[in-house]
Every structure is written in structure tokens, then in C-alpha cells.
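Visitor: for reference, the sequence and a predicted model appear below.
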Amino acid sequence: MCVIACPKEILALDHSITNNKGYHPAHITDESKCIGCGSCTIMCPDCAIRVEVE
Ligand code: SF4
């Protein structure tokens, strides 16, 4: 869900990993393009993403 929510399209599923819930976790492809909008945090069903703005 976070992958489609990201306005910068910098989140992708890591198909090389399957977690214990049976799905591929998301990872950030280019952190320098993140605008800190928090959409990924809101959309994550497992509250697994935390956005920190420096
Ligand atoms: S906080 Fe960054 S990674 Fe998350 S949805 Fe926004 S731009 Fe994408």
C-alpha cells in the first residue's frame, strides 16, 4: 500500500525477501528524493514505517 501511496514513487517491494507474514517488504529506492510527507506511514497496515524529518 505504501508503494502506491508515495507521491515520489521511491518505494518498492523487495522481491528477494518474504517476511513471516508471507509478503515482500517495502524498501526505499532513493532516500534523497523523500519529501517527508508521511503518506507511507499512514498507509502502512502494520505501522512498520516511521518518517523522521531532519
Ligand atoms: S514520506 Fe517519503 S517515502 Fe514516504 S510517501 Fe512521502 S515521499 Fe514517499
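Guide: Thanks, I have it.

Visitor: all contacts plus neighbour counts: C-alpha atoms, from now on.
Guide: OK.

Visitor: spit out the contact partners of the residue lying closest to Met43 once chain neighbours are set aside.
Guide: Distances taken as CA to CA, 6 or more residues apart in numbering place Cys2 nearest to Met43, at 5.5 Å, with adjacent residues excluded. Applying CA atoms under 8 Å, 6 or more residues apart in numbering, we find Cys2 in contact with Leu11, Ala26, Ser39, Cys40, Thr41, Met43, Cys44.

Visitor: closest to Asn19 among those?
Guide: Ala26 (10.5 Å; CA to CA).

Visitor: give me phi/psi at that closest one?
Guide: phi -90, psi 150 (degrees, to the nearest 10).

Visitor: surely it meets Ala12?
Guide: Yes - counting by CA atoms under 8 Å, Ala26 touches Ala12, with 5.3 Å between them.

Visitor: show me the common contact partners of the two, please.
Guide: Residues touching both Ala26 and Ala12 (CA under 8 Å, 6+ apart) are Val3.
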